[in-house]
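S.K.: Model the following, please.
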Amino acid sequence: MAAKPNIESDASSRKKDPLVSAARYSEIGFIIPAAIVLGYFLGKLGDYWLHTRWLYLVGMLFGAVVGFWQMIRMALGAIKRDE
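M.R.: Residues are numbered from 1 along each chain as shown. Got it, this is the predicted structure:
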C-alpha cells in the first residue's frame with residue numbers, strides 16, 4: 001500500500017515560503033479597490049437600466065463594505081494560520 005504523504009511538513013514549507021506570504025498579503029491589498037470598482041460598475045449598470053442617477057453611489061458603498069469585510073476575514077485567517 002502507498003505511504004501517506006506527510007501533510008505537516010508540506011504545510012510548514014508553504015508557511016515559510018516568502019513568495020506565498022507576499023502573494024497572500026498583496027491579495028488583501030487588491031480586494032478593497034476591486035470591490036469598489038465592481039460595485040461602481042454594477043451601480044452604473046443599474047442606473048442605466050432603471051434610469052436613475054444614484055445607484056452607482058449605493059454600489060460603491062456596498063463594494064467598500066464588502067471589500068473591508070473580506071479583507072478583515074482574510075487578515076484574521078492569515079493570523080490564525082501563522083500561529
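S.K.: center of the chain - which residue?
M.R.: Ile31 (4.4 Å; C-alpha atoms, centre = their mean).
S.K.: Please verify my assumption that Leu57 contacts Gly46.
M.R.: No - in this structure Leu57 lies outside contact range of Gly46 using C-beta atoms under 8 Å: 10.9 Å. In short, each C-beta sits where N, CA and C put it, glycine included.
S.K.: so where do the helices sit in this structure?
M.R.: 7-16, 18-50, 55-82 (DSSP state H).
S.K.: how far away is Ile36 from Val66?
M.R.: With the distance defined as C-beta to C-beta, to the nearest Å, Ile36 ends up 9 Å from Val66.
S.K.: neighbour-wise, which of these two wins?
M.R.: A direct count of neighbours by other C-beta atoms under 10 Å for Ile36 and Val66 places Ile36 higher, at 20 against 16.
S.K.: Share the number of residues neighbouring Met71, please.
M.R.: 17.
S.K.: In contact with it, which residues?
M.R.: Taking C-beta atoms under 8 Å, 6 or more residues apart in numbering, we find Met71 in contact with 28, 31-32.
S.K.: Could you report the pLDDT at it?
M.R.: According to the prediction, Met71 has pLDDT 89.
S.K.: Since that was my last question, I'll sign off now.
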